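Colleague: this one's sequence-less:
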C-alpha cells in the first residue's frame, strides 16, 4: 500500500515524498482512513511505530480542507496534542512542521523548564495546532494566553507515561476545557485499568487499533557506548572518525541546530560532512543524500525525522551523538546499518545526564551495551558503581581528567 492509496491530499503527499517515505507503517494503514472518516481513536502503540504521522497527517488534512482560507482575525487553536515530555513535544511539533510545510498551517510547541516569553509571543501571533506538555499548558491557560474553545481535534499521546509522571490530574483539568464536539485520539503503549478509565472519559465510541512494536533489537548490529562529557562529544567524534576511517557514517543529533553545528565542526577538522534536517530545502536534502549514497560525502549528520527515509547500502557506522530519550528511536537509528545480510556497527556517546536514557534502551533490548573505556575523552566525573549487580547504581564523582586535544 502507498500513502496515495490512503487518500491523502497532494500537499501532504508532496511533503512525505520529499522525506523519502515510501510505504505507510501498519499503524498508519489502520489509523489514517479511520481518522479521515472522523472517528475517535483508541490506539495501543509505542513510539517508534510511526504513530506521530498516523495522527498528524489526518489532522493536517482536516484543517487544510475544512478551514476557511480567508478567515479574518488571529488564528485560533483548532488542534491540541498533549504529550508528557519536552523532547517528545519538540519532536511532534517538528513532524507537524515538516509534514505540513505545503499546507500553510501554523503550529507551535509549549513546555516547561524555560522562560515563557517566546512561547507566548508565538501564541499571540496565532496558531492552528498546539503541541504542549500538561503543566505549561495549564499555566498559560490560567494566565489567559490560551483558550481551547475552538479545538476540533485533540490528541493525548503516551498516556501511560502521563500516568507514571503524575499528570493525570492535569489531564483531567485540561479535558474540562475542551469542547464536547471534537475528534479525540488517545494513544498509549499499555492499557492498565487507570488508562482505560481515562480513555472512556475522553473518547466517545472509538475505533480501536493495536500495533506491536518492531523487533526490539538489531541482532546483527555490534553496539557500544562511550561515556563522555557533553562538550567533548564533537572532539570524540573527530577522534573516532580519524582513527577508524569508516567508509560511511551516519551521525544522529537531537536538534537541527546541533546537526549543522556538528557538520561545521567536522569540516574544520578536515572531515567532509553534510547535514540534513527539516529546515533544509528539498533540493539541499536530496543533494546531500545523493552525495552520501555515492560516496562523495563520507559523513552525514541528521535529525531523526530527516533520516527516516535514508536507506544506504552497506552503511559502515551509525553514531548516536545524542542518546535518544525514547528507546524505540534507538532501534530505528541503529537499524540503518546491518541491513539485509550485512553486519553493522553502532556507537553511542553518553554524557552523565543521558545515563537514564541508556538504561531504558538496555531494558528494551534486554542486553547491556558494551562500554568502550579506552578513549582519550573518557568522562571520569561519573564512574559506574556496581553496574553488574545494580544497573541503576549511582555514579561516583571523581575529578574529570579527560584530555582535550582537538583544536589545541
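Modeller: It's in. Since this is a predicted model, take the numbers as computed values, not measurements. Residues are numbered from 1 along each chain as shown.
Colleague: all helices of the stretch 251-400 of the chain, in order?
Modeller: Using DSSP state H, counting those that start in this stretch, the helices assigned to the stretch 251-400 of the chain run over residues 256-268, 282-293, 304-307, 327-334, 355-365.
Colleague: could you dump the ones you listed to JSON lines with distance to residue 182 and mean neighbour count?
Modeller: Glycine gets a C-beta too; all of them are placed from N, C-alpha and C. As requested, these are arranged in JSON lines below (distance: least, CB to CB, whole Å; neighbours: other CB atoms under 10 Å):
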{"stretch": "helix 256-268", "distance to residue 182": "32", "mean neighbour count": "18"}
{"stretch": "helix 282-293", "distance to residue 182": "34", "mean neighbour count": "16"}
{"stretch": "helix 304-307", "distance to residue 182": "27", "mean neighbour count": "22"}
{"stretch": "helix 327-334", "distance to residue 182": "29", "mean neighbour count": "22"}
{"stretch": "helix 355-365", "distance to residue 182": "33", "mean neighbour count": "18"}
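Colleague: how about CSV for those helices, with distance to residue 162 added?
Modeller: As requested, these are exported to CSV (distance: least, CB to CB, whole Å):
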stretch, distance to residue 162
helix 256-268, 27
helix 282-293, 34
helix 304-307, 22
helix 327-334, 17
helix 355-365, 17
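Colleague: nearest to residue 210, of these?
Modeller: helix 327-334 (15.8 Å; CB to CB).
Colleague: re earlier: out of the helices of the stretch 251-400 of the chain, the one nearest residue 203 is which?
Modeller: That would be helix 327-334 among the helices of the stretch 251-400 of the chain, by CB to CB, at 24.4 Å.
Colleague: Give me the angle between that closest one and helix 355-365.
Modeller: Orientation of helix 327-334 against helix 355-365 (axes from the mean of the first three to the mean of the last three CA atoms, to 10 degrees) gives an angle of 80 degrees.
Colleague: Geometric centre of the chain: which residue is closest?
Modeller: Taking CA atoms, centre = their mean, the centroid of the chain lies closest to residue 91, which sits 4.1 Å from it.
Colleague: Residue 303 is in contact with that one, correct?
Modeller: No. Using CB atoms under 8 Å, residue 91 makes no contact with residue 303, being 9.0 Å away.
Colleague: what helix or strand does the residue nearest to the centre of the chain sit in?
Modeller: Assessed by DSSP states H and E, residue 91 sits inside helix 86-99.
Colleague: after that helix comes which helix or strand?
Modeller: Using DSSP H and E, the helix or strand that follows helix 86-99 in sequence is strand 107-110.
Colleague: Please name every helix or strand in contact with that following strand.
Modeller: helix 86-99, helix 117-125, strand 129-132, helix 134-142 (3 or more CB pairs under 8 Å, 6 or more residues apart in numbering; DSSP states H and E).
Colleague: same thing but at 6 Å, please
Modeller: Packed against strand 107-110 by the contact rule (3 or more CB pairs under 6 Å, 6 or more residues apart in numbering; DSSP states H and E) you find helix 86-99, strand 129-132.
Colleague: what mean pLDDT does it have?
Modeller: The average pLDDT within strand 107-110 is 96.
Colleague: so the host helix or strand of residue 173 versus helix 134-142, what angle?
Modeller: Per DSSP H and E, residue 173 falls inside helix 168-176. Helix 168-176 runs at 40 degrees relative to helix 134-142, counting by the same axes, to 10 degrees.
Colleague: Show me which positions of helix 168-176 end up buried.
Modeller: For helix 168-176, a neighbour-count test (16 or more other CB atoms under 10 Å) marks 168, 170, 171, 174, 175 as buried.
Colleague: Residues touching it, excluding its own?
Modeller: With contact meaning CB atoms under 6 Å, 6 or more residues apart in numbering, helix 168-176 is reached by 134, 138.
Colleague: switch the cut-off to 7 Å
Modeller: Taking contacts as CB atoms under 7 Å, 6 or more residues apart in numbering, the residues outside helix 168-176 that touch it are 82, 134, 135, 137, 138, 156, 162, 198, 201, 202.
Colleague: Same question for stretch 51-61.
Modeller: 8-9, 12, 27-28, 31-32, 35-36, 43, 45, 79, 92, 95-96, 99-100, 103, 105, 153, 155, 185, 187.
Colleague: repeat that for 6 Å
Modeller: So stretch 51-61 is contacted by 9, 12, 27-28, 31-32, 35-36, 45, 79, 92, 95-96, 99-100, 103, 153, 155, 185, 187 (CB under 6 Å, 6+ apart).
Colleague: Of these, just the buried ones, PyMOL syntax please.
Modeller: Selection command for PyMOL covering only the buried members of the contacts of stretch 51-61, criterion 16+ other CB under 10 Å:
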select buried, resi 9+12+27+28+31+32+35+36+45+79+92+95+96+99+100+103+153+155+185+187
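Colleague: Strands - which of the contacts of stretch 51-61 land there?
Modeller: Among those, DSSP state E puts 79, 153, 155, 185, 187 in strands.
Colleague: so the fourth one sits right up against residue 40, yeah?
Modeller: No. Using CB atoms under 6 Å, residue 185 makes no contact with residue 40, being 7.1 Å away.
Colleague: Grab the nearest non-local neighbour of residue 12.
Modeller: residue 57 (5.6 Å; CB to CB, 6 or more residues apart in numbering).
Colleague: And that neighbour, how close does it get to residue 103?
Modeller: To residue 103, residue 57 is 11 Å away according to CB to CB, to the nearest Å.
Colleague: follow-up on the earlier one: okay, the ones in strands among the contacts of stretch 51-61 in TSV with distance to residue 336 and pLDDT next?
Modeller: Below are the ones in strands among the contacts of stretch 51-61 laid out as TSV (distance: CB to CB, whole Å; pLDDT from 0 to 100):
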residue	distance to residue 336	pLDDT
79	31	97
153	33	97
155	28	96
185	29	94
187	25	89
